[in-house]
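Participant: Just a sequence and a predicted model for now, questions to come.
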Amino acid sequence: MPYNHKMNSPFILENETEYKEWRNHKLSLFPVDKDNLTVKFNDKDINTKKIKLIKDIISKYNFAIYEFESKLTNKSLKEFCSKLKLINSISNPLSDKNNISNITAETKLIERKSSVEYIPYTNKKLNWHTDGYYYPINASVKSFLLHCECPADKGGKNFLLDHEIIYIYLRDHNPDYINILMQKNIMEIPRNKNIEDSKSIVGPVFYIDEEGFLNMRFTSRQQNIIWKKNDIVKKIKEYIYSFIVENDKYTFDLLLKENQGYLANNILHKRDEYKDVNKKRLLKRIRFSKRIK
């Protein structure tokens, strides 16, 4: 749930006075320059002061950019995360033993007709989504790190949008939209026929987790997504899509450089298509079951 900027703790969304105070403060933080969202480190300088700075940025915007002077190993990436108390990493079928996923264009997946299921591992455009929207709420992704080891020769820009901003604009536009999006059967991800024992996942778009924080599960993907069928849900989807496309005050574009990355409390994000010529684009991703706080 959103932070109360005075008490630095969750508050109740139903408390209209506290909500408006938080809303006004949140919106006052924008626009912001990306330089003010970036923390630079060297290999021997992951000190408490800079860790606190990156946490402070995340507490306001739900993401922060970081940059190192030299290449990080998988071990040093995990150590960096541990200093942010990110230790409960989440595995997936394509991650390694350290739960690190190599996000790169896999030729075999690109050639497969079913590669649509693994778009992050191709060079295709990746539309707006939150990570793990296809997971059940009790096993959801709360935060992640995306680290660039090698950028693409062309393209591959990332776009980021804080989910709390979408919540605010939806609630301003029509509070009933929020009530509907918090229903437990609003969006269904059908079972994956290619995975044994896979089950369909039904859940809300917005939900409050066990610690009282606001989370979002969303994808703009049209295939294999079943939304609750009624006229108002259609209007809500149209509003979300139009807001995402038309707003430029709250959306950040980020073409990650070598040794640069970002940490996020599972905000909305997307990626442009890219092209490898002389080198293969390679990003490292680690997902976590706890948020950065």
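Facilitator: Looks like it came in fine. Numbering: from 1, shown residues only.

Participant: rest of the way, CA atoms for contacts and neighbours
Facilitator: Will do.

Participant: show me where the stretch 151-293 of the chain has strands.
Facilitator: Counting by DSSP state E, counting those that start in this stretch, the stretch 151-293 of the chain has strands at residues 154-155, 158-161, 187-189, 201-203, 206-208, 214-216, 226-227, 251-254, 260-264, 268-271, 274-275, 282-288.

Participant: do the same with the stretch 1-150 of the chain
Facilitator: Per DSSP E, counting those that start in this stretch, the stretch 1-150 of the chain carries strands over the ranges 3-4, 9-10, 38-41, 63-68, 89-90, 100-103, 126-129, 143-150.

Participant: Ser95 is in contact with Asn102, correct?
Facilitator: Yes - using CA atoms under 8 Å, Asn102 makes contact with Ser95 at a distance of 7.1 Å.

Participant: of these two, who's got more company?
Facilitator: Counted by other CA atoms under 10 Å, Asn102 and Ser95 do not tie: Asn102 has more neighbours, with 21 against 16.

Participant: And for the more buried one, nearest residue in space, chain neighbours not counted?
Facilitator: Nearest non-adjacent residue to Asn102, counting by CA to CA, 6 or more residues apart in numbering: Lys284, 5.0 Å away.

Participant: Show me the shaky parts of the stretch 1-150 of the chain.
Facilitator: Residue ranges of the stretch 1-150 of the chain with pLDDT under 70: 1-12, 43-44, 107-117.

Participant: Please state the backbone phi and psi of Asn230?
Facilitator: Dihedral angles of Asn230 (phi, psi; degrees, to the nearest 10) stand at phi -160, psi 170.

Participant: tally of neighbours for it?
Facilitator: The number of residues packed near Asn230 is 8, by other CA under 10 Å.

Participant: what sits against Pro136?
Facilitator: Going by CA atoms under 8 Å, 6 or more residues apart in numbering, Pro136 touches 201-203.

Participant: Give me the neighbour count for the closest residue in space to Lys249 that isn't next to it in sequence.
Facilitator: Leaving out its chain neighbours, the residue that sits closest to Lys249 by CA to CA, 6+ apart is Pro31, at 5.9 Å. Neighbours of Pro31 under the rule other CA under 10 Å: 11.

Participant: Pro31 contacts Tyr250, correct?
Facilitator: Yes - counting by CA under 8 Å, Pro31 does reach Tyr250; the two are 7.0 Å apart.

Participant: From Thr130, how far off is the closest residue to Phe144 other than its chain neighbours?
Facilitator: Among residues not flanking Phe144 along the chain, Arg287 sits closest, at 4.3 Å (CA to CA, 6+ apart). To Thr130, Arg287 is 12 Å away according to CA to CA, to the nearest Å.

Participant: Can you pick out the residue with more neighbours from the two?
Facilitator: Using other CA under 10 Å as the criterion, Arg287 and Thr130 rank with Arg287 on top: 29 against 24.

Participant: Bridge partners for that one, pull those for me.
Facilitator: Taking DSSP bridges as the rule, Arg287 bridges to Ile90, Phe144.

Participant: Quick check, it in contact with Ser89.
Facilitator: Yes - under the criterion of CA under 8 Å, Arg287 makes contact with Ser89 at 5.5 Å.

Participant: Mutual contacts of these two, please.
Facilitator: Residues touching both Arg287 and Ser89 by CA under 8 Å, 6+ apart: Asn99.

Participant: can you list contacts of stretch 54-73?
Facilitator: Residues from elsewhere that reach stretch 54-73 (CA under 8 Å, 6+ apart): 3, 26, 29, 37-43, 84, 149, 162, 258-267, 292-293.

Participant: Pull out the buried positions in that stretch.
Facilitator: 54-68, 72 (16 or more other CA atoms under 10 Å).

Participant: Can you tell me which of those is closest to Thr17?
Facilitator: Taking CA to CA as the measure, Thr17 lies nearest Lys60 of these, at 19.4 Å.

Participant: The residue nearest to Asn102: neighbouring residues, count only.
Facilitator: 19.

Participant: Using CSV, list the CA coordinates for stretch 21-41.
Facilitator: Output of stretch 21-41 as CSV, limited to C-alpha atoms (Å, rounded to 0.1, in the frame of the first residue of the first chain):
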residue,chain,number,x,y,z
GLU,A,21,-2.7,13.8,1.8
TRP,A,22,-0.7,11.0,0.4
ARG,A,23,-2.1,11.5,-3.1
ASN,A,24,-1.2,15.2,-3.2
HIS,A,25,2.3,14.5,-1.9
LYS,A,26,2.8,11.7,-4.4
LEU,A,27,1.8,13.8,-7.4
SER,A,28,3.9,16.8,-6.2
LEU,A,29,7.0,14.6,-6.7
PHE,A,30,6.6,14.8,-10.5
PRO,A,31,8.0,15.7,-12.9
VAL,A,32,11.5,14.5,-11.9
ASP,A,33,14.8,14.3,-13.8
LYS,A,34,16.2,10.8,-14.2
ASP,A,35,19.5,12.1,-12.8
ASN,A,36,17.7,12.5,-9.5
LEU,A,37,16.7,8.9,-9.6
THR,A,38,20.2,7.5,-10.2
VAL,A,39,22.7,6.3,-7.6
LYS,A,40,26.3,5.7,-8.8
PHE,A,41,28.5,3.0,-7.1
